[in-house]
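> Here is a sequence with its predicted model. Questions after.
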Amino acid sequence: LTCDRTSINLTASSTTVGTTFTWTGRTAGQNPISVTAPGKYYVTATTANGCSSIDSVTVAQDINKPNLTIATPQVLTCDLKSINLTASSGTPNTTITWTGFAAGQNPVSVNTYGKYYVTATAANGCFKKDSVTVIQNITLPADVQASNDGPLICTKTMVKITGNTTTGNVSYAWTGPGNFSVTTKDANVNTKGTYSLKVTNNANGCYVTTSTTVDQNITPPANVQVSNDGPLTCDNDIVTLQGRSDLGGATYQWTGPGVNNESTATIFVTKPGTYTLLVTNPGNGCFVSTKTEVKEDKKRPDAIINAPAAMPEPLTEDVITAQTVVNATYAWTLTSPDGSWQMIDGDKAATLIYQSGNAGVNGTFELIVTDRGNGCQNTARLTLTAVPATNTMALAAKAPKAPPVEYKTYPNPFVDKAFITFKSPVNGKVTVEIYNALQGHMEKLLFNQQVRSGETYKLTLDGGTLPAGVHFCVIKANGITYTSRLLLVR
């Protein structure tokens, strides 16, 4: 008898014909009989003549259960997603069967936590059941956070990224722009972008990912401009430097000759040179640098009075000129102890018409030339002495003075041509010269020859080759100078 065989038949036999078998406790003639318990069973064989014989048989039983041992399983985690369940038995010829798996499949692989059952079945059909509980640990790191102390700005070129969790025994792994990768809790970065953080529970390999974005603000002030109202001149000894930007709230910083960290948009300087302006965005420290050059023009104009070929005769009109200076103004003054020395015309021009004084008396001319562009001035001085013609002083006292030359200039003002007529009361040499009143030089010699007394001469002045403005017609005859002003208009 076994666990598989719970009943067996007992059968008696005899070679004697007509024998009847009776098993103890059973009906006479019941053969075979079925028994379910181990032990000794007796049977009596009775022949037809009434003779009998007794025998017995022992029924054995084997219902021993096999041994069954289950190895302690590993814990399912995020890293270990499946494990093996293994059972063993010291009983020979034992078959291990896990519930839900094929008989004899041992070990078996499982990936779900819970209770698993196993049966060990021996050759006698007896079996033993047991179970094991598979546990799982997939606890994630708690309260995982990623942050940074950005943004990146011009004055802060490194930003710290930080990871945090309330779970202990974790590891950190950062990745980001440009193949960035570190395994520390904190890291310093200098590139904008999104940085991903993986926080792993070292106990089970479970992890949580999050990210933080590092922003960047490196926008400089827009439309930075700088200007100055120079150059420095004799008229303008202070120059204004003006900085500007479209960014409201921008800060300004100037450096340059005699300037150190002036912090206003507008400053005033008195020295030539290059000035640098730094315009800064206070929100991010980014700046734009630009420069402006302050030039200096304090060159004094030339002031030269052209010395006449000879000293003037007493009490005569004559012309004195200055060297031409482009874009300049002229201012003449005359000083003398003799009031006969006088300026007649051109005291604001390069050509001055004057009357000399009495014989032997000096007249001092002073000229101030002013550059119209920079206001700088220069001066020149010339002293003339009225000198009588040689050996003529006594004669002049005795000889009657020649009558004046009759002359006329017309039209005046003129556009194209002007006409000059003159008549000398005596024979002699006459010169007619045209001077530029502003520039002081002689422009044309219209006439230079002997004339006959009483004869009228007519000259034509072509204005096509002359600049517009004031011109002087100077007629010299009989030791006397006559001047008239002509105005050429366009």
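Good, I have the coordinates. Residues are numbered from 1 along each chain as shown.
> alpha carbons only for contacts and neighbour counts from here, please
Fine.
> contacting residues for residue 307?
Residues in contact with residue 307 (CA atoms under 8 Å, 6 or more residues apart in numbering) are 320, 382.
> do you know how far it is from residue 352?
For residue 307, the distance to residue 352 (CA to CA, to the nearest Å) stands at 13 Å.
> list residues touching both of these two?
By CA under 8 Å, 6+ apart, residue 307 and residue 352 have these common neighbours: residue 320.
> Quick one: end-to-end distance for stretch 120-132.
Termini of stretch 120-132 sit 14 Å apart (CA to CA).
> cool, stretch 15-24 as well?
21 Å.
> pLDDT averaged over it, what's the number?
Regarding stretch 15-24, the rounded mean pLDDT is 93.
> Tell me which residues of it come out buried.
Buried residues in stretch 15-24, defined by neighbour count with 16 or more other CA atoms under 10 Å: 19-23.
> Mind putting those into TSV with secondary structure?
TSV is the format used below for the buried residues of stretch 15-24 (DSSP: H, G, I helix; E, B strand; the rest coil):
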residue	secondary structure
19	coil
20	strand
21	strand
22	strand
23	strand
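> Let me see the contact set for the closest residue to residue 360 other than its chain neighbours.
Using CA to CA, 6 or more residues apart in numbering and skipping the chain neighbours, the partner closest in space to residue 360 is residue 386 (5.4 Å). Under the criterion of CA under 8 Å, 6+ apart, the neighbours of residue 386 are 311-315, 356-362.
> Also residue 241?
Residue 241 makes contacts with 226-229, 266-269, as judged by CA under 8 Å, 6+ apart.
> And the residues you listed, which of them are buried?
For the contacts of residue 241, a burial check counting by 16+ other CA under 10 Å picks out 226, 228, 266, 269.
> can you pull the contacts of the second one?
Meaning residue 228. 239-242, 292-294 are the contacts of residue 228 under CA under 8 Å, 6+ apart.
> now, which of those lie within strands?
Using DSSP state E to define strands, the subset of those located there is 239-242, 292-294.
> Columns distance to residue 31 on top of the residues you listed, output as a markdown table?
As requested, the ones in strands among the contacts of residue 228 are exported to a markdown table (distance: CA to CA, whole Å):
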| residue | distance to residue 31 |
| --- | --- |
| 239 | 144 |
| 240 | 141 |
| 241 | 137 |
| 242 | 135 |
| 292 | 135 |
| 293 | 138 |
| 294 | 141 |
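> Could you chop this protein up by domain?
By the assignment in automatic domain parsing, the chain contains the domains 8-59, 69-137, 145-217, 225-297, 305-385, 404-488.
> Would you single out the least confident of the ones you listed?
Within the domains of the chain, confidence is poorest for domain 404-488, with a mean of 89 (mean pLDDT).
> element containing the closest residue to residue 180 other than its chain neighbours, please.
Nearest non-adjacent residue to residue 180, counting by CA to CA, 6+ apart: residue 174, 7.6 Å away. Assigned by DSSP states H and E, residue 174 belongs to strand 170-176.
> how about that strand: buried residues?
Neighbour-count burial for strand 170-176, counted by 16+ other CA under 10 Å, picks out 170-176.
> Check the offset of that strand from the chain's centre.
32 Å (CA atoms, centre = their mean, to the nearest Å).
> partner strands of it, parallel or antiparallel?
Here strand 170-176 has these sheet partners by DSSP bridges: strand 180-182 (antiparallel), strand 193-201 (antiparallel).
> Just the residues contacting the first one, thanks.
Right, the one you point to is strand 180-182. With contacts defined as CA under 8 Å, 6+ apart, strand 180-182 is touched by 173-175.
> next one: the last one
Residues external to strand 193-201 that are found in contact with it (CA under 8 Å, 6+ apart): 139-141, 144, 146, 163, 165, 167-177, 206-215.
> Among the residues you listed, name the buried ones.
Buried members of these, counted by 16+ other CA under 10 Å: 140-141, 144, 146, 163, 170-176, 206-209, 211-215.
> What's the first helix or strand after the host helix or strand of residue 365?
According to DSSP H and E, residue 365 maps onto strand 362-371. Once the chain leaves strand 362-371, the next helix or strand it forms, by DSSP H and E, is strand 377-385.
> Give me the distance from that next one to the chain's centre.
Taking CA atoms, centre = their mean, one finds the center of strand 377-385 at 61 Å from the center of the full chain.
> Same question for the helix or strand where residue 459 lies: list its buried residues.
Assigned by DSSP H and E, residue 459 falls within strand 456-462. For strand 456-462, the neighbour count (16+ other CA under 10 Å) marks residue 461 as buried.
> what does stretch 473-482 give?
Buried residues in stretch 473-482, counting neighbours by 16+ other CA under 10 Å, are found at 473-478, 480-482.
> which residues are contacting it?
Residues outside stretch 473-482 that contact it (CA under 8 Å, 6+ apart): 316-318, 402, 405, 424, 428-435, 483-486.
> How about stretch 335-352?
315, 319-324, 329-334, 353-358, 361-365, 435-441.
> Now a PyMOL select for only the buried ones of those residues.
To isolate the buried ones among the contacts of stretch 335-352 in PyMOL, judged by 16+ other CA under 10 Å, type:
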select buried, resi 315+319+320+321+322+323+324+329+330+331+332+334+353+354+355+356+357+358+361+362+363+364+365+435+436+437+438+439+440+441
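> now, which of the contacts of strand 180-182 sits nearest residue 186?
Using CA to CA, residue 174 is the member of the contacts of strand 180-182 that lies nearest residue 186, at 9.0 Å.
> Pretty sure that closest one sits against residue 162.
No: at 9.7 Å, residue 174 does not count as touching residue 162 under the criterion of CA atoms under 8 Å.
> What residues are bridge-paired with the residue nearest to residue 180?
Bridge pairing for residue 174 - DSSP bridges - gives residue 182, residue 197.
> Dump the contacts of residue 241 to CSV, plus secondary structure and distance to residue 184.
Listed next are the contacts of residue 241 as CSV, based on DSSP: H, G, I helix; E, B strand; the rest coil; distance: CA to CA, whole Å:
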residue, secondary structure, distance to residue 184
226, strand, 48
227, strand, 52
228, strand, 55
229, coil, 59
266, strand, 51
267, strand, 52
268, strand, 55
269, strand, 56
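> CSV for those residues, including distance to residue 86?
Output for those, formatted as CSV (distance: CA to CA, whole Å):
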residue, distance to residue 86
226, 86
227, 90
228, 93
229, 96
266, 89
267, 91
268, 94
269, 95
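> Return the closest of those residues with respect to residue 103.
Here the nearest of those to residue 103, counting by CA to CA, is residue 226; it sits at 93.3 Å.
> And the contacts of the strand holding residue 174?
Contact partners of strand 170-176, identified using CA under 8 Å, 6+ apart, comprise 141, 163, 180-185, 193-203.
> Whichever of those end up buried, select them in ChimeraX.
Buried residues within the contacts of strand 170-176, by 16+ other CA under 10 Å, are selected in ChimeraX with:
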select :141,163,185,195,196,197,198,199,200,201,203
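> Need phi/psi at the residue nearest to residue 70 when sequence neighbours are not counted.
Closest residue in space to residue 70, ignoring its immediate chain neighbours: residue 87 at 4.3 Å, by CA to CA, 6+ apart. Note on residue 87: backbone dihedrals following degrees, to the nearest 10 are phi -120, psi 150.
> sorry, back to before: will you turn the strands paired with strand 170-176 into TSV that also has distance to residue 7?
Formatted as TSV, those follow (distance: least, CA to CA, whole Å):
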stretch	distance to residue 7
strand 180-182	75
strand 193-201	60
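> And those strands: which comes nearest residue 57?
Closest approach to residue 57 among the strands paired with strand 170-176 is made by strand 193-201 (70.3 Å; CA to CA).
> sorry, back to before: tell me what the strand holding residue 459 is packed against?
Applying 3 or more CA pairs under 8 Å, 6 or more residues apart in numbering; DSSP states H and E, we find strand 456-462 packed against strand 417-423, strand 442-451.
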